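# here's a sequence, model it:
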Amino acid sequence: MSRARNIPVDLHRVAQLADTTATVAENAAVAAEKAQAAADRAQEVSIQVTEGARSHRKGLILLLVLGIVGVVALVVWKKSQGAPPEEEIADLRLAAEEHVGSMP
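Numbering: from 1, shown residues only. Modelled structure (predicted):
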């Protein structure tokens, strides 16, 4: 009969252990969800950093190409402005020959 009286006490202890186990399992599930959310955020940040680097690289390449085109355009413009036409060169040669011929 003494054993029969201990059954409710033993069941009470089992119920406490089951409650503690359920709480631990629930906390583990919450921690796993938080870890998954952190991993997802880390992946998103990694993707954004990669895209940002690509766009920065594209911007630098575009700037370099525009600079080269600008330099080439400036050189062509300067050459077209600085070089006298052939007629002017011929006139200058004739004037120089006449000037040299008129010297005593």
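# give me the number of residues near Gly59?
Gly59 has 10 neighbours, counted by other C-beta atoms under 10 Å. Any C-beta I mention is one placed from the backbone N, CA and C, and that applies to glycine too.
# cool, and Gly67?
Residues near Gly67, counting by other C-beta under 10 Å, number 10.
# do Glu44 as well
Neighbours of Glu44 (other C-beta under 10 Å): 10.
# contacts only, for it.
If you count contacts by C-beta atoms under 8 Å, 6 or more residues apart in numbering, Glu44 has none.
# which helix in the protein has the most residues?
Counting by DSSP state H, the longest helix found in the chain is helix 2-82.
# run the chain-centre distance for that one.
Distance of helix 2-82 from its chain centroid, counting by C-alpha atoms, centre = their mean, to the nearest Å, is 16 Å.
# average pLDDT for that helix?
For helix 2-82, the mean per-residue pLDDT is 85.
# how close does Lys79 get to Val72?
11 Å (C-beta to C-beta, to the nearest Å).
# kindly report the same for Arg54.
Taken as C-beta to C-beta, the span from Arg54 to Val72 is 27 Å.
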